[in-house]
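Peer 1: I would like to see how this sequence folds:
(2 chains)
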Protein chains: 2
Amino acid sequence: MLRLVSMAMPDSRPIGVFDSGMGGLTVLSELVQKLPNETFLYLGDTARVPYGSRSPRTVRRYSLEIASFLEQHDIKMLVVACNTATAHALPQLTERMKVPVIGVIEPGVRALLSSTRSRKVGVIGTRSTIKSAAYETEIQKLDPGVTVVSQACPLFVPIVEEGWMNKDFTRLAIREYLAPLRDQGVDAVVLGCTHYPLIRAAIQQEFPGFSLIDSSIEMAGAVSASVRATGIEAAGSGSVKILVTDVTEQLSSLQNLFFPHPVSGVEEILLPELSTTP
Amino acid sequence: MLRLVSMAMPDSRPIGVFDSGMGGLTVLSELVQKLPNETFLYLGDTARVPYGSRSPRTVRRYSLEIASFLEQHDIKMLVVACNTATAHALPQLTERMKVPVIGVIEPGVRALLSSTRSRKVGVIGTRSTIKSAAYETEIQKLDPGVTVVSQACPLFVPIVEEGWMNKDFTRLAIREYLAPLRDQGVDAVVLGCTHYPLIRAAIQQEFPGFSLIDSSIEMAGAVSASVRATGIEAAGSGSVKILVTDVTEQLSSLQNLFFPHPVSGVEEILLPELSTTP
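Peer 2: Numbering: from 1, shown residues only, chains lettered A, B, ... in the order given. The predicted structure is shown next:
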């Protein structure tokens, strides 16, 4: 008896992942563990990092420049591993790209809503992510009855990059930023910035009552599900290539901090500037 | 009797001042007090700030793009109010520009060398300024017998921008960074970053034994002397125009923090990208 089995051909095109800098490697780190057969092309815009303090318009321009560059490298999916870029540019990226685009906010919000009992949730991130209210909007869309308390924590990124995860200094900054959330009855907090997972343990120690949601883990789950659902899985052994717009002094130390896996190459590229402002 | 007096014509062209962001306004603030008749055109590259963590090559490219833009606005002098740009791009800027170019490092070094008695001096700045060893090179050039202890303090800029000048947190960071300098016998320290004058008082309180040199004040003195020496003074009433490459959320709060003077206008511009890398 003949049996027909529907089998998609393996799709060996790379998955494009981008972030304003090296922080998005925390997302890539989760991705390579969940999808070991895939080829990843990571682009960190280290010549213009951080996006968190730029205007929405400039973040959109930078994001579209990167998407357009990655498109030329024949990616099969675009993963926006940057909270600020997701907050400001996701609709424009989705509209422009022919391949699926996945942002970092929605998966984190779903996990956050599953974790809260007090129905008061916290969002922490860069100044620009918080100002965008992108997490708040997504939360209200999925569950309008939940109260959101947001807090920008601009010092957390430099603290992580300085490697000061376990200093008294860091504990003081964590208390300064997060005590108001606890005082308002928040019981679940989403780490709305790719750097924050590295101080997750310190935050948990200061605030043992919080459920902490790591966007990187949630997003990697969403990407993995989407790759499987759309039948674009690769076969064979995966690899990772890292592109940056500036090879800085700190590059390899940040790479080791955020991405403790093998990399097939790190390369500097010059992004073509878009002549029109989106 | 006829008496001939040599009198230069007033030169009403603006003085161009640039920084990676808004920190250079501390220099501009000193300049407008010393040169009240001058017109100043300030450019803050807020779309690409901070330069302190970028590679020397990228800092040179950005600096030349800005100089070339300001040259088109017919400036009579270029003031490089950014320590990182001075460290990496001063020779290239001096070579390229037809007008005098003044960097922020040399004036600070001269004041530093006048202040030390132990002949052990400290330099604090961003990661990139310290890595460049530009202060060290200048110090050794002017007085090879002096010992230099350098310390990068990457958290000071975000602390200042967060307005946390008087927190316990800030005192801990100051101690963490500067205690090694005191322990090595340093008695004079140059604040090698335009943001640092705003935590000068907190540093002095933690380390009363240090002579602290404010590069902004020293540089304004050097610019003022050079304007007079070259006979390019303006007559009439001065004004200040601020150009930025990105109008960010934080812009007006930073402007108020660093520049408590009237401004005739703030305008966003798009810098033409140089096609070749210097």
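
Peer 1: only C-alpha atoms for contact and neighbour calcs from this point on.
Peer 2: Noted.

Peer 1: my guess is A:M219 meets A:V27, correct?
Peer 2: Yes. Under the criterion of Cα atoms under 8 Å, A:M219 makes contact with A:V27 at 7.3 Å.

Peer 1: Settle it for me: which of those two has more neighbours?
Peer 2: Neighbour count, other Cα atoms under 10 Å in any protein chain shown: between A:M219 and A:V27, A:V27 has more, with 28 against 25.

Peer 1: next helix or strand past whatever helix or strand the more buried one lives in?
Peer 2: Here A:V27, judged by DSSP states H and E, is contained in helix A:25-34. Sequence order places strand A:39-44 as the next helix or strand after helix A:25-34, per DSSP H and E.

Peer 1: helices or strands next to that next one in the packing?
Peer 2: Packing partners of strand A:39-44 (3 or more Cα pairs under 8 Å, 6 or more residues apart in numbering or on different chains; DSSP states H and E): strand A:15-19, strand A:239-244.

Peer 1: is chain B contacted by the next helix-or-strand element following the last one?
Peer 2: Tracing the chain past strand A:239-244, the next element assigned as helix or strand by DSSP H and E is helix A:251-258. No. Between helix A:251-258 and chain B, judged by Cα under 8 Å from any Cα of the partner chain, nothing touches; the nearest distance is 9.6 Å.

Peer 1: Which neighbouring elements make contact with helix A:251-258?
Peer 2: Partner elements for helix A:251-258 (3+ Cα pairs under 8 Å, 6+ apart): helix A:25-34.

Peer 1: again, 10 Å this time
Peer 2: Packing partners of helix A:251-258 (3 or more Cα pairs under 10 Å, 6 or more residues apart in numbering or on different chains; DSSP states H and E): helix A:25-34, helix A:156-161.

Peer 1: nearest to chain B, of these?
Peer 2: Chain B lies closest to helix A:156-161 among the helices and strands packed on helix A:251-258, at 6.2 Å (Cα to the nearest Cα).

Peer 1: Taking their axis directions, whichever helix or strand comes after that closest one and helix B:168-183 sit at what angle?
Peer 2: For helix A:156-161, the following helix or strand on the C-terminal side (DSSP H and E) is helix A:168-183. For helix A:168-183 against helix B:168-183, the angle by axes from the mean of the first three to the mean of the last three Cα atoms, to 10 degrees is 180 degrees.

Peer 1: any idea of the mean pLDDT in stretch A:265-278?
Peer 2: Mean pLDDT, stretch A:265-278: 77.

Peer 1: With stretch A:145-165 instead?
Peer 2: Mean predicted lDDT for stretch A:145-165 stands at 94.

Peer 1: same question, stretch A:28-42
Peer 2: 96.

Peer 1: Kindly check the end-to-end length of it for me.
Peer 2: By Cα to Cα, to the nearest Å, the extent of stretch A:28-42 from end to end equals 8 Å.

Peer 1: What are the buried residues along it?
Peer 2: Buried residues in stretch A:28-42, counted by 16 or more other Cα atoms under 10 Å in any protein chain shown: A:28-32, A:34-35, A:37-42.

Peer 1: just to revisit the earlier point, touching both of A:M219 and A:V27, which residues are there?
Peer 2: Listed contacts common to A:M219 and A:V27 are A:79-81, A:104; contacts here mean Cα atoms under 10 Å, 6 or more residues apart in numbering or on different chains.
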